[in-house]
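Novice: Provided below for reference: sequence and predicted model.
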Amino acid sequence: MKIVIVGGVAGGATVAARIRRLDEKAEIVVFERSGYISYANCGLPYYIGDVITDAEVLTLQTPESFYLRFRVDMKVHHEVTAIHPDKKTVSVKNLKTGEEFEESYDKLILSPGAKPTQPRFPGADLEKVFTLRTVEDTLRIKKHINENHPKSVVLAGGGFIGLELAENLRELGMEVTIVEYAKQLMNPFDSDMASFIHNEMREHGVKLVLGRAVEGFEEKAGCIKVLLKDDAPLYADMVVLAIGVTPDTALAKEAGLELGVKDAIVVNDRMETSVPDIYAAGDAVQVKNIVTGEDALISLAGPANKQGRIIADNICGLDSRYKGSQGSSVIKVFDVTAALTGINERCAKAAGLDADTVILSPMSHASYYPGGKVMTMKVVFEKGTYRLLGAQIVGYEGVDKRIDVLATAIRAGMKATDLKDIDLAYAPPYSSAKDTVNMAGFMIDNIAKGVLKQWHLDDVDKLPRDGSVTLLDTRTVGEYSRGHIDGFKNIPVDELRERFDEVEEGKPVYVICQSGLRSYIASRILEGNGYTSYNFAGGFRFYDAVMNDRALIERATACGMDN
C-alpha cells in the first residue's frame, strides 16, 4: 500500500509515524512545501522573544531523523500543485529545482493546514509588514529585528498569535500596539472575561486600539503608516498581521472535494473526505463542535494530532472515530494565564441555548497558605437541564489545572451540578479542600435547588432606582467608600441582622459584595427572615474591572485615541 501525505507538522507527521507503527511494509511519502517537516509552531513567538534561544529546538524532527526512525520519505521544498482523484495521482513541483512530476497513491492524506488571513490591504506586501505562521516566517522576523533594531510594532489582530507576539516583543523592549476590529481581544472569551486580559496587557505597557479596522499600509520616512478606518493613522517601525488563519484548501477545491465552513474540507468521523481514498486532518478540516453539534472550524494543534492518529488507524484496518472538538485552549499573557473550554455565554445564546452562568473569584490554593492569588472563573451551563456548556478562567497559578478538569467534565457529559462531586487532590500549596471546580458546582447546585437566585452585570442598568427594590452592598465601610454602584446602601454583612429595620419588608433585595461570598451569606440571612434576595454574580471586584475596561474602550473610541 502506497500512502501520500500532503503537508507535515502536526497532522501529516502524526499520520506518517502512526501508519509506520501499525504497518511496517507500507510505502509512505510526505510532501512538504516548507523546509521543515515537523516543528513546534506554537513556540514560534517565544523564539522571537528570546525565551527560546536555539532555533533548532523548534524543529522536532528533520527529514533525516524521521527517515532513520520511521523509514518515511520526507520530501521538503516539494509542493503538491494538483490532485487527480480519477487517476489516483498528485502533481508535485520541486521548489528548489523546478522539476515537476506525478506521484501515484493508494491512499491520500491532506494536511495542508491554514494560512494567515491576509485581506488585500494596500501595502500588505511591504518589506516591513510580516505574517507569522511557519519557521521561515519566524526566522525572517527575527532576522529583521536583530539587524534593524525596530523600536515599535503594530500587531493587527488580537487573537492567540497577536497576544503571544505582543508579550514577546514587549519583553524585547519594543513599543507594542495591538489593533483589533472587535472591541475585545481573544474573541473566544466573553467580553467581561476579556477585561482581565486587557488590564494585564495595559499594565505591561501594551497599547490597545480596539474596535478599529485596518485599511492598509504605507511606507513613510523609513517607518510604516498604518491606515485605520475613520481614525488617525498609527506609525511603527514594523507591522505583523495576526488577523487569524484561513483553511488552505485550494487544492481540495480544485479536485472537487466537498467544502464547508469557510471552505474547510468536509470529513466524516473517520476523517474521510467526500472522495474515496482521500482523508484530511488539521486546521483545514471542518469538525463538529461537541457542545452545540454545529459544524465549526477549530484550528488547534491537539485536535490535529488526534485526527492524524485516527486516519492512520482507519487506513491500517482499525476503527477509530473523531468525536468532535470543544476548543480547549490556554495562553500566557505576561504574568497571568487565560484558559477556556467549550463555548462562551455569547455563543451559547447565539446557538439558541437558554444559558446561565456563575462567576467566582477563588484563591489558587488554601488562603492560609502563603502565595495564593485570585483567579476569576466563569462557568456556562444550560438552564433547566444543567448541561455544562463551557468555562473561562483568568488568573495565575492553577488556571490550567482547573480548565482541564472542566474540559474533561464536558467531554464526559457531566452536568454542571455534578462538579460538586468531583474528587480532586488537595494539599494547601495546591488547592483548597473545596476546590474551585467544586465551588462552581456548589453554586450551580444551589441555583438548581432554589437556594441561590442571581442577578448579573447586564441587569445593573435595569435595576429600578425608584425605591421599589432594595439595593444592598454588604462589604465593609472601608471597601464601600473606595468605590460602589450608585444607589446601593451599605450594610456590612456582619451587621445585617441588627439592621433589618433599614431593609424594607416586601421588596426584593439585590445584594452585592466584593467577590460574591459575603453577599451570598447575606442573601441566605435575608431569605431566612422572609425577604426575597438576589446575589450579584461575580462581586464588585468583577463589576469594577469590567466597567472600567468598557469605559476606557468607549472613551477611546469616542476620542480617537489608544485605549
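Specialist: That came through fine.
Novice: which residues of the stretch 451-563 of the chain score low on pLDDT?
Specialist: 559-563 (pLDDT under 70).
Novice: now the strands for it?
Specialist: 454-455, 470-473, 489-490, 509-512, 533-536 (DSSP state E, counting those that start in this stretch).
Novice: for the stretch 1-150 of the chain, same thing?
Specialist: According to DSSP E, counting those that start in this stretch, the strands that the stretch 1-150 of the chain contains are 2-6, 27-32, 38-39, 59-61, 73-76, 78-84, 89-94, 100-104, 107-110, 114-116, 129-131.
Novice: for Arg212, find the nearest of these.
Specialist: strand 129-131 (17.2 Å; Cβ to Cβ). Every residue, glycine included, has its C-beta placed from N, CA and C.
Novice: so what are the sheet partners of that closest one and their directions?
Specialist: Strand 129-131 has these partner strands in its sheet, going by DSSP bridges: strand 238-241 (parallel).
Novice: strand partners (parallel or antiparallel) of the helix or strand following the strand it pairs with?
Specialist: Next in sequence after strand 238-241, counting helices and strands by DSSP states H and E, comes strand 245-247. Applying DSSP bridges, strand 245-247 is found paired with strand 114-116 (antiparallel).
Novice: need the contact partners of the partner strand.
Specialist: Contacts to strand 114-116, defined as Cβ atoms under 8 Å, 6 or more residues apart in numbering, come from residues 131-133, 241-248, 282-284, 299.
Novice: for those residues, work out which two are farthest apart.
Specialist: Leu241 and Gly282 (21.3 Å).
Novice: the more surrounded of those two?
Specialist: Gly282 (30 against 23; other Cβ atoms under 10 Å).
Novice: how far away is that one from Arg309?
Specialist: 12 Å (Cβ to Cβ, to the nearest Å).
Novice: how about Tyr181?
Specialist: For Tyr181 relative to Arg309 (Cβ to Cβ), the value is 36 Å.
Novice: more neighbours, those two?
Specialist: Legend: neighbour count by other Cβ under 10 Å for Tyr181 and Arg309, higher for Arg309 (21 against 15).
Novice: did I read that right, that one in a helix?
Specialist: Yes: Arg309: assigned to a helix according to DSSP: H, G, I helix; E, B strand; the rest coil.
Novice: just give the nearest non-adjacent residue to Gly327, would you?
Specialist: Ile298 (5.1 Å; Cβ to Cβ, 6 or more residues apart in numbering).
Novice: quick check: that neighbour vs Asn289, distance?
Specialist: From Ile298 across to Asn289, the span is 7 Å (Cβ to Cβ).
Novice: sorry, back to before: contacting residues for the residue nearest to Gly327?
Specialist: So Ile298 contacts Val287, Asn289, Ser325, Gly327 (Cβ under 8 Å, 6+ apart).
Novice: contacts only, for Ala182.
Specialist: So Ala182 contacts Gly158, Leu210, Gly211 (Cβ under 8 Å, 6+ apart).
Novice: save the residues you listed as a markdown table, and put in secondary structure too.
Specialist: Formatted as a markdown table, the contacts of Ala182 follow (three-state DSSP):
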| residue | secondary structure |
| --- | --- |
| Gly158 | coil |
| Leu210 | strand |
| Gly211 | coil |
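Novice: considering the strands of the stretch 1-150 of the chain, which stretch scores lowest in mean pLDDT?
Specialist: With a mean of 68, strand 38-39 has the lowest mean pLDDT of the strands of the stretch 1-150 of the chain.
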